[in-house]
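> mind looking at a prediction? Sequence and model below.
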Amino acid sequence: MPKAFIDPDKCVRCVKCHAARACPKNAIFRISDEEANVVDMAHCHGCGDCVSKCPVHAVILRDG
Ligand code: SF4
Ligand code: SF4
């Protein structure tokens, strides 16, 4: 099953992560204000709803 991945070099740490808001599983979360958001692989079910929501295209689906 594919899983979402957030490229830490692209994520600009939006005040409210558009990708996280689109996730039905609440699988995207913030570790700190200094680090890119991350995907909780245990909760991501690969629906891809988050991918098109990120304005800088930091989110991709890849084989998990
Ligand atoms: S919307 Fe994209 S750039 Fe913004 S915090 Fe989420 S993953 Fe990072
Ligand atoms: S692929 Fe679906 S479940 Fe996984 S992080 Fe994106 S929106 Fe959430």
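Happy to help now that I have it. Ligands and ions are numbered 1, 2, ... in the order given.

> quick one: contacts of the helix or strand residue 60 falls within?
Here residue 60, judged by DSSP states H and E, is contained in strand 59-63. If you take CB atoms under 8 Å, 6 or more residues apart in numbering as the criterion, strand 59-63 is touched by 2, 3, 4, 5, 6, 7, 19, 46, 48, 50, 51, 53. Where C-beta positions appear, they are placed from N, C-alpha and C, glycine not excepted.

> so which of the residues you listed are in strands?
Using DSSP state E, the members of these that fall in strands are 2, 3, 4, 5, 6.

> contacts only, for the last one.
It stands for residue 6. Going by CB under 8 Å, 6+ apart, residue 6 touches 19, 28, 36, 37, 38, 39, 54, 58, 59.

> do the third one as well
For residue 4, the contacting residues are 19, 27, 28, 39, 44, 46, 48, 50, 51, 59, 60, 61, taking CB under 8 Å, 6+ apart as the criterion.

> sorry, back to before: so which of the contacts of residue 6 comes closest to ligand 1?
Distance to ligand 1, by CB to the nearest ligand atom, is smallest for residue 54 among these, at 3.3 Å.
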